[in-house]
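Q: Structure for the following, please:
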Amino acid sequence: MEAAIVIMALLFFAFVALGVYATVKVVKAAKRGVDRTINHARRTVEDTTLRAKSYGQGGVAGELAHLRLSLRTSMRATQDALQAGVVEDASLKESLELFRRLSAHGHELDEDLKRLEREPDRSRVAAQLSALRERTERITHSADSLRWAARDRAQKFAEDDLSSLSAQIDMEAGALRHWSGAAEQDPASGDFAWPEAGAAAPEAAREQVWPAEAEANAQAPAEAAGRPDAPAQGQQPPPAITARDPRRTAYPWEKSARPETTN
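A: Numbering: from 1, shown residues only. The predicted structure is shown next:
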């Protein structure tokens, strides 16, 4: 009884622990989903704001907004391309690691540009625009190089696979079209063809005999040569007319005749 109570208690605690674990996993997954949604919405708002500033404002504020928008667009496009390509091409892992290192410099530059947007001294910011523009171009150029290299690699693999597949399809199509009337060719050419119905068998097939019959045929001319009444070679002997002797006929229901006694 005590053992059953202990087992029931263990099962109860196991189910409770499993329920708590499942609840924690669900809560964490929901939190990650909410965080992704919030981050995506925040990025969309920031990109829209930067786009509006870069086209609607001029001077230092418009230039800073343009640099930030160019940086964010290039980095995000490269990140998406590498993460999507590494699933099918494991060699892109090294490129993805290089991009992570480049992303650190990109985030640092984006923070500097964001801080300069709130700088009241516009003359000081304008003096740094040349260096900021060069720095942005270096980072975006590196990101673009990684992205286009990954895309060119994927396109090259796709073209090679398509070329190989096209060659195999052409070979298979040629094999399927190679009917060329094989059933109508002459059997003497080595091709397989069935003879027509009613065709005469070859002479070699008609001359084939079983071993016992061959021996009998070989001995028959020798025995016939020793008889004087043997027909000439090439002539068939006349059929013999023989009658069955009724006295020699015995039936299974008849008894054998008993010899007569001389007593």
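
Q: Can you pull out the low-pLDDT segments for this protein?
A: 180-263 (pLDDT under 70).

Q: I'd assumed Q155 was in contact with G85.
A: No. Look at G85 against Q155 with CB atoms under 8 Å: they stay out of range, at 11.0 Å. Glycine gets a C-beta too; all of them are placed from N, C-alpha and C.

Q: Looking at those two, which one has more neighbours?
A: G85 (19 against 10; other CB atoms under 10 Å).

Q: Next, the contact list for the more buried one, please.
A: Going by CB atoms under 8 Å, 6 or more residues apart in numbering, G85 touches 92, 150-151, 153-154.

Q: Tell me how many other residues surround L10.
A: Using other CB under 10 Å, L10 is surrounded by 10 other residues.

Q: Tell me how far it lies from A17.
A: Noted for L10: a distance of 10 Å to A17, by CB to CB, to the nearest Å.

Q: Ok, F157 next?
A: Distance of F157 to A17, given as CB to CB: 48 Å.

Q: what do you get for D160?
A: 53 Å.

Q: And R177, by the same measure?
A: In terms of CB to CB, R177 sits 68 Å off from A17.

Q: same check, this time on R122
A: When distance is defined by CB to CB, R122 is 61 Å away from A17.

Q: which residues in the chain form helices?
A: 2-56, 59-85, 93-117, 122-176, 203-206, 211-225 (DSSP state H).

Q: Most tightly packed of the ones you listed?
A: Across the helices of the chain, averaging neighbours per residue (mean count of other CB atoms under 10 Å) puts helix 59-85 on top, at a mean of 18.

Q: quick one on the thing from earlier: possible to save the contacts of G85 as CSV with distance to T136?
A: Listed next are the contacts of G85 as CSV, based on distance: CB to CB, whole Å:
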residue, distance to T136
L92, 25
A150, 21
R151, 22
R153, 26
A154, 27
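
Q: Now Y55: closest residue in space that isn't a chain neighbour?
A: Nearest in space to Y55, with sequence neighbours left out and distances taken as CB to CB, 6 or more residues apart in numbering, is G62 at 7.9 Å.

Q: what residues are up against the one you found?
A: Contacts for G62 were tallied using CB under 8 Å, 6+ apart; they are 53-56.

Q: which pair in the contacts of G85 spans the largest distance?
A: The most widely separated members of those, counting by CB to CB, are L92 and R151 (10.9 Å).
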